[in-house]
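Colleague: Need a 3D model of the sequence below.
(chains A and B, ligands or ions: 2)
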Amino acid sequence: MSKRFGGVQAVRELDLEVGEGEIFGLLGPNGSGKTTVFNLVAGVLAPDAGEIRFGGVLLNGLPPHRRAALGVARTFQLVRSLGRLSVADNVAVARLYGATPARSVDAARQEASQLLALVGLAGKAHLPAASLNLAERRRLEVARALATRPRLLLLDEPLAGLNADEVQAEVGLFRRLREEGLTLVLVEHNVPAVRSLCDRVAFLHAGEKVAEGSPEQVLSHPRVVEVYLGGAAG
Amino acid sequence: MNPSVAAAAAVALAAALPWVAGDAAVNWGLLVLLQVTVAQSWNLLGGYGGQVNLGHAAFFGIGALVTRGLWVQGTPVVGALVAGSAAAAVAGLVVGLPSLRLRGPYFAIGTLAMAEILRIVVGTTLPEVSALPSDLITGYRLVPRYYLALALAVLSTAVVWRVSCSRFGMGLVAIREDEWVAETVGVDTYRHKLAALLLSAALAGAAGGAFGYYHLSFYPQFVFSPVWTFDAVLMVFLGGIGTVWGPPVGATFFVLLREALALRLTELHVLVFGAVFVVVVLTLPGGLVDVARVLRAMRVRRPQPA
Ligand SMILES: Nc1ncnc2c1ncn2[C@@H]1O[C@H](COP(=O)(O)OP(=O)(O)OP(=O)(O)O)[C@@H](O)[C@H]1O
Ligand SMILES: [Mg+2]
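Modeller: Ligands and ions are numbered 1, 2, ... in the order given. Below is the predicted model:
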């Protein structure tokens, strides 16, 4: 797939395949097109060329809410929340929509509190989402995405701004989610976390795939090393 | 007091009014109840869905003219009212189908343009005052009109209450807070906005219909006046936007204050209410329904005497 914004070719003839139950890492310096790939898969942007398939279903042309119903969920790199709603209701709304919606608002609220416990936000459930700090909002993003009962979870820098303990907790959570059969695609600059979590990674540079394979292979690939050292990014 | 107990008490009081008060009070009560429906219908889409309708008067006006026209020609008033309400909903569809697809100010601009165009067209095609024929004036009674307004106020508040605790309402509020987040978690934002607009327009059309059934004579252009829109916005913000009880409280406060000040001049009306609006919004962002909560918070914060 390809995507151009005016003069910027954000994604150039990128070919990616992620297997079911995989944890796939998407790496690359700033501006290399990682978030754009997520936007293309989630349906926020339409590709200029190429096809996006999810479990055999062609996603091209489907609006984001239809993709959510098929089981595609994502978090936002620049965290977004339903600010004046309670933390619990942020998750409950997602529980009422998405791939397998809860039967009632009450059921959704109940399941929302379980999801908040899972990401360690149970104590904040009744606060307005706008009162959370960055690390808490990142975890709220994950809870909200999970509340849609996805099959594929796109995580855009979910560990950015988290301290070491919080990173540990999230990494543990992602592993458990994979064990439950979820497929995860992770954009992350935290190299140790990527190494320990991901089965496979791809490295993007200026919208093009430079390398793909196991984390070890990709992170020692000469062009990857060159870009990371040269760009001083990530 | 429990809100549902307070609501039941308010409805009982309103229902008793024609028995205990004279025509002047009943007339005043009717205007309050009519405005409850106008405010509540704006609140449904604007307060819950976050879609700013600047042409609400169009729905009110269409409902008023269609209902009155059919009723004067002999249609039973309930049938005429349903037709007026449906006509307003169709107008909602016409303006919403293209403009709600887009994010941004298109809906606000589209509704404003539609209302102004309709007002001008009605003003030039129907320049004569609409007065009731003498046989209808002979049979005219205020009390049934009062109860019609009460029924609509209860209906519109019940609709907003039902929506506020439903999946649909949660989806609407999500759209208001962040349309991208809503869409991403699976809310069909376009259909939700359209559905809320249809409900809102139908209720505003019904309120207009009740007005057309109630008022003895008015210029057809008057029911399309932007004042209907701005009053609705004012009442919603005064009472508490995006709440079930804000519009009834705001409408009562608004009509009471307007009658008390006897402000008949439009410009002065706008000036005084503009000032009231600014004061309330600045001191009570949650509207008058928030007073109890704010007072409680102030009592907690006040230092204890030594
Ligand atoms: N909506 C948009 N409109 C115009 N240009 C965009 C848009 N989104 C992204 N771009 C541009 O496309 C390129 C890729 O951006 P993208 O956000 O996908 O990078 P990224 O890999 O996620 O970077 P980062 O690590 O900083 O998050 C950048 O040059 C960016 O400025
Ligand atoms: Mg990015």
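
Colleague: Show me which residues of chain A are close to chain B?
Modeller: By C-beta under 8 Å from any C-beta of the partner chain, the part of chain A that sits against chain B consists of A:42, A:44, A:63-65, A:68-69, A:73-74, A:76, A:80-85, A:89, A:92-94, A:96-99, A:101, A:104-105, A:108, A:144-145, A:147-148. Glycine gets a C-beta too; all of them are placed from N, C-alpha and C.

Colleague: Could I have the buried ones of the residues you listed as PyMOL selection syntax?
Modeller: Buried subset of those, written as a PyMOL selection, criterion 16 or more other C-beta atoms under 10 Å in any protein chain shown:
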select buried, chain A and resi 42+44+64+65+68+69+73+74+76+80+81+82+85+89+92+93+94+96+97+98+99+101+105+108+144+145+147+148
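
Colleague: Look up how far residue B:204 lies from residue B:84.
Modeller: 10 Å (C-beta to C-beta, to the nearest Å).

Colleague: what about those two, which has more around it?
Modeller: A count of neighbours by other C-beta atoms under 10 Å in any protein chain shown puts residue B:204 above the other of residue B:84 and residue B:204, at 37 against 32.

Colleague: How about residue 62, nearest residue that isn't a chain neighbour?
Modeller: As the question left the chain open, I've gone with chain A. residue A:43 (5.9 Å; C-beta to C-beta, 6 or more residues apart in numbering or on different chains).

Colleague: actually it's chain B I care about, not the one you picked
Modeller: Distances taken as C-beta to C-beta, 6+ apart place residue B:88 nearest to residue B:62, at 4.7 Å, with adjacent residues excluded.

Colleague: The one you found contacts residue B:199, doesn't it?
Modeller: No - look at residue B:88 against residue B:199 with C-beta atoms under 8 Å: they stay out of range, at 10.8 Å.

Colleague: higher neighbour count, those two?
Modeller: Applying other C-beta under 10 Å to residue B:88 and residue B:199 shows that residue B:88 carries more neighbours, namely 32 against 21.

Colleague: Check for me that the more buried one belongs to a strand.
Modeller: No - going by DSSP: H, G, I helix; E, B strand; the rest coil, the assignment for residue B:88 is helix, not a strand.

Colleague: for the helix or strand residue A:92 falls within, packing partners?
Modeller: Taking DSSP states H and E as the criterion, residue A:92 maps to helix A:87-96. Helices and strands touching helix A:87-96, by 3 or more C-beta pairs under 8 Å, 6 or more residues apart in numbering or on different chains; DSSP states H and E, are helix A:105-118, helix A:134-147, helix B:167-177.

Colleague: And the second one, what's buried?
Modeller: Same thing as helix A:134-147. A:135-147.

Colleague: measure residue B:10 to residue B:32 for me?
Modeller: Going from residue B:10 to residue B:32 by C-beta to C-beta gives 11 Å.

Colleague: To clarify, my last question referred to residue A:160.
Modeller: 53 Å.

Colleague: Comparing the two, which shows the higher neighbour count?
Modeller: Higher neighbour count among residue A:160 and residue B:32: residue B:32, with 20 against 16, using other C-beta under 10 Å.

Colleague: Now the more buried one: closest residue in space that isn't a chain neighbour?
Modeller: In space, and not counting its chain neighbours, residue B:32 is closest to residue B:255: 4.6 Å by C-beta to C-beta, 6+ apart.

Colleague: list the buried ones in the helix or strand in which residue B:83 is found?
Modeller: Take DSSP H and E as the rule and residue B:83 turns out to sit in helix B:77-99. Residues of helix B:77-99 classed as buried: B:77, B:80-89, B:91-92, B:95-96, B:99 (neighbour count, 16+ other C-beta under 10 Å).

Colleague: tell me the two of those that are most distant?
Modeller: Pairwise distances across those (C-beta to C-beta) peak at 32.6 Å, for the pair B:77 and B:99.

Colleague: In the least confident helix or strand in chain A by mean pLDDT, which of the residues would be classed as buried?
Modeller: The least trusted helix or strand in chain A, going by mean pLDDT, DSSP states H and E, turns out to be helix A:222-231, with a mean of 76. Neighbour counts over helix A:222-231 (16+ other C-beta under 10 Å) mark A:224, A:227-228 as buried.

Colleague: Could you single out the nearest of the buried residues of helix A:134-147 to chain B?
Modeller: For the buried residues of helix A:134-147, the closest approach to chain B (C-beta to the nearest C-beta) belongs to residue A:144, at 6.4 Å.

Colleague: In contact with the closest one, which residues?
Modeller: Counting by C-beta atoms under 8 Å, 6 or more residues apart in numbering or on different chains, residue A:144 makes contact with A:75, A:81, A:90-91, A:93-94, B:181, B:185.

Colleague: let's go with 7 Å and repeat that
Modeller: Residue A:144 sits next to A:90-91, A:94, B:185 when contact means C-beta atoms under 7 Å, 6 or more residues apart in numbering or on different chains.

Colleague: Would you quantify the distance from residue A:208 to residue A:77?
Modeller: Residue A:208 sits 20 Å away from residue A:77, going by C-beta to C-beta.

Colleague: whoops, residue A:21 was the one
Modeller: Distance, residue A:21 to residue A:77, using C-beta to C-beta: 24 Å.

Colleague: Just to be sure, residue A:211 is in a strand?
Modeller: Yes - per three-state DSSP, residue A:211 lies within a strand segment.

Colleague: That one contacts residue A:205, correct?
Modeller: No - at 9.1 Å, residue A:211 does not count as touching residue A:205 under the criterion of C-beta atoms under 7 Å.

Colleague: Thanks a lot, catch you later.
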